[in-house]
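Asks: coords please:
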Amino acid sequence: MIKRPRGTSDIYGRRMEILSYVTEVFHEVLEKANYHEIVTPTFEAKELFVRSVGETSDVVSKEMYDFQDKKGRDLVLRPEGTAGVVRALIENKLYVLNNLPLKLFYQESMYRYERPQAGRQRQFNQLGIETFGADDVKQDLEIIVVAMDILKALQLDTRANIHINYLVNGEERVKYTEALRTYLKSFNDLCSDCQIRIEKNPLRALDCKIDGAKFTDAPVMSDYLKPEDQTRFDDLVELLKQMGYQTTIDANLVRGLDYYTGCVFEIKYDSQINKDQLTLIGGGRYNNLVQELGGPSTPAAGFGLGIERLLDILENEEINLPINGDLDIYVIVLTFNDQVMKAINNLRQEANLKVDFNLMNNTMKSGFKEAEKYRAKEVMILGEKELQTNKAKLKNQTSGEEVEVDLNDWLSIAKIVGENK
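Replies: Residues are numbered from 1 along each chain as shown. Have a look, this model is predicted:
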């Protein structure tokens, strides 16, 4: 038997119903905030991610699925969404002033070769938003509020905590990096990755999965911020708290990608199942990335949300989502002809009902078992008599009540089913 590759998953049944509902929520929340969907290629030039995500990041150095095409071009399956959106912005000249501010979102598959675990797969689905043009606290606040609106719509907001930091920039970043490098060199037991990061990119060490917890007294970025940056950060934190969000300043939060500048954040969820904090959403500002990839200087910010982890929480913690995967009517067909198919199709198209019928078994007993399996609200039997009289009975599966209906009166049938829901 051929099995799916390690680190991938098949989504079906109840989990697929939850994913479909989550997708509807995403679109509803983001469209209300005037975000517009964008789709980018599944594979891109390798250089795009080396230049944007950072050569020393785990994503580029360890996790990318890279390959050469038949003409020897170096390509990768996209490991994250932001770089591809920025490439599309530059290539299609979406940065022109008339387009700004530009607010985009995507929901696409990403690929990283990492150790599969709960909520983390080698092929995973991600929702992301990217906004271009505005560089002030209003935009920083909006993207976090939009993220929280998504969690609120999924009934996860009350256990969510915003962890936030402000990354130093410019000359102050150089000074902070040197102070951090000196601090890291005081350790003689760091992992091999952190020993490399000390020289190439010390900030990456703060995000290390092995040694990150050791750095409790590392130099604090806020001590190196420009006064205007500190004021902006203080204003953002105060606004979040005034809006009622649980907010924690996390001095060691840097995110795992090199393109971030200024405000960065992660929204963590206090799980009731494993009593741990799970990161659901992460993002921040990346004002230099568009220019670094060949476009004009364009302020930008965004976030990403891992859908697999979100689905795990919604399933395992039994969040009561308003999902209705039940059938409205299950039709037990005793005599099949074109009239039957027309009647069933009219129930679907004219009455706008979810309807299925017995495709494999033709007995009443097996038909009622199928109706129960599909959680049908009503059962209708169609045989020669019903086709001749153009009338049939609807049997409510909860009350057992039967009602005779005219097969041509689709509005009445829809009304009866709606009243019995």
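
Asks: List phi and psi for Asp328.
Replies: When read as degrees, to the nearest 10, the backbone of Asp328 gives phi -80, psi -50.

Asks: Leaving out chain neighbours, which residue sits closest to it?
Replies: Leu353 (4.0 Å; CB to CB, 6 or more residues apart in numbering). The way it works is simple: take the backbone N, C-alpha and C, and place the C-beta from them, glycine included.

Asks: Now do Glu386 against Gln230, distance only.
Replies: 76 Å (CB to CB, to the nearest Å).

Asks: And the strands in the stretch 1-150 of the chain, which stretches?
Replies: 36-37, 43-45, 66-68, 74-77, 102-111, 123-132 (DSSP state E, counting those that start in this stretch).

Asks: List the strands paired with the fifth one, with their directions.
Replies: Spelled out, that is strand 102-111. strand 36-37 (parallel), strand 123-132 (antiparallel) (DSSP bridges).

Asks: Same question for the third one.
Replies: Within its sheet, and counting by DSSP bridges, strand 66-68 is paired with strand 74-77 (antiparallel).

Asks: next one: the strand it pairs with to chain centre, how far?
Replies: Centre-to-centre, strand 74-77 and its host chain are 23 Å apart (CA atoms, centre = their mean, to the nearest Å).

Asks: Dump the C-alpha coordinates for it into CSV.
Replies: C-alpha atoms of strand 74-77 as CSV (Å, rounded to 0.1, in the frame of the first residue of the first chain):
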residue,chain,number,x,y,z
ASP,A,74,17.2,26.8,-8.3
LEU,A,75,13.6,26.7,-7.0
VAL,A,76,11.9,26.0,-3.6
LEU,A,77,8.5,25.0,-2.5
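
Asks: now what about it, what contacts it?
Replies: 42-47, 49, 64-69, 110-111 (CB atoms under 8 Å, 6 or more residues apart in numbering).

Asks: one more time with 6 Å, if that's ok
Replies: Contact partners of strand 74-77, identified using CB atoms under 6 Å, 6 or more residues apart in numbering, comprise 43, 46, 64-69, 111.

Asks: now, among these, which is nearest to Asn358?
Replies: The closest of the contacts of strand 74-77 to Asn358 turns out to be Tyr111 (CB to CB; 41.6 Å).

Asks: returning to that earlier point: most neighbours among the contacts of strand 74-77, please name it.
Replies: For those, the largest neighbour count, defined by other CB atoms under 10 Å, is 22 neighbours, found at Met64.

Asks: What sits closest to it if chain neighbours are left out?
Replies: Val76 (4.8 Å).

Asks: tally of neighbours for the one you found?
Replies: For Val76, the neighbour count with other CB under 10 Å is 21.

Asks: Number the chain from 390, please
Replies: With the count now opening at 390, the last piece we talked about shows up as Val465.

Asks: thinking again about what came up before, can you say which of the strands of the stretch 390-539 of the chain is packed in most?
Replies: Of the strands of the stretch 390-539 of the chain, the one with the most neighbours on average (mean count of other CB atoms under 10 Å) is strand 512-521, at a mean of 22.

Asks: CA atoms of that one as PDB?
Replies: Output of strand 512-521 as PDB, limited to C-alpha atoms (Å, rounded to 0.1, in the frame of the first residue of the first chain):
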ATOM      1  CA  GLN A 512       3.100  20.500   4.300                       C
ATOM      2  CA  PHE A 513       0.900  22.900   6.300                       C
ATOM      3  CA  ASN A 514      -1.800  25.400   5.600                       C
ATOM      4  CA  GLN A 515      -1.300  29.000   6.500                       C
ATOM      5  CA  LEU A 516      -3.500  32.100   6.600                       C
ATOM      6  CA  GLY A 517      -1.600  35.400   6.200                       C
ATOM      7  CA  ILE A 518      -2.200  39.100   5.900                       C
ATOM      8  CA  GLU A 519       0.200  41.700   4.400                       C
ATOM      9  CA  THR A 520      -0.400  45.400   4.400                       C
ATOM     10  CA  PHE A 521       1.700  48.000   2.600                       C
END
